[in-house]
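Peer 1: For reference, the sequence and a predicted model appear below.
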Amino acid sequence: MGLTMSDLPLHSFQRDSVFLGEHIASEVRSAHKLDKLSKRLEREKELSRTLLHNMLPENVADDLQAGKTVEPCHFENVTLFFSDVVGFTQICDSIEPWDVIDMLNQLYSVMDFLSSHFKLYKVETVG
């Protein structure tokens with residue numbers, strides 16, 4: 001058609017309609033971007049919450065998320081257990097990926113069972 005805005009009368013409903021259409025399209029794009037950002041923020045918040053609950057006891061994590069001050073606790077007896085899969089890299093080089101997953105699943109299942117059975121608090125780190 002080849003029309004431009006300058007082809008439309010300066011004060012006409014056609015020109016206003018074009019501007020309104022462009023404005024609405026811009027608002028829809030902005031709303032879509034905002035929706036995507038909001039969903040991403042919620043995913044990040046959930047990841048942060050999960051990480052916090054994996055690193056700290058539940059009551060401490062909940063208090064921190066609620067903005068409360070967490071007082072230190074005193075325990076008469078504490079045992080720390082550190083474990084390592086010695087030669088993990090070499091093991092991974094010598095077996096199939098699914099076998100690595102099975103091995104780790106078995107290790108984690110045993111540790112999860114023991115932690116639950118003895119009411120232990122477990123902190124996991126990698127590296």
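Peer 2: Arrived safely. Numbers count the residues shown, from 1 in each chain.

Peer 1: tell me what the helix or strand hosting residue 27 is packed against?
Peer 2: Assigned by DSSP states H and E, residue 27 belongs to helix 13-55. Helices and strands touching helix 13-55, by 3 or more Cβ pairs under 8 Å, 6 or more residues apart in numbering; DSSP states H and E, are helix 58-65. The way it works is simple: take the backbone N, C-alpha and C, and place the C-beta from them, glycine included.

Peer 1: Could you list every helix and strand in contact with the helix it packs on?
Peer 2: Using 3+ Cβ pairs under 8 Å, 6+ apart, helix 58-65 sits against helix 13-55.

Peer 1: what about the helix it packs on, average pLDDT?
Peer 2: Helix 13-55 carries an average pLDDT of 89.

Peer 1: swap in stretch 71-79?
Peer 2: Throughout stretch 71-79, pLDDT has a mean value of 85.

Peer 1: Just give the number of residues close to residue 113.
Peer 2: 10 (other Cβ atoms under 10 Å).

Peer 1: and the helix or strand encompassing it, what other elements does it pack with?
Peer 2: Element membership for residue 113, per DSSP H and E: helix 97-117. Contacts defined by 3+ Cβ pairs under 8 Å, 6+ apart place helix 97-117 against helix 88-94.

Peer 1: pLDDT (mean, whole number) over the helix it packs on?
Peer 2: Across helix 88-94, the average pLDDT comes to 93.

Peer 1: And the residue nearest the centre of this structure?
Peer 2: With distances taken as Cα atoms, centre = their mean, the residue of the chain nearest its centroid is residue 47 (2.6 Å).
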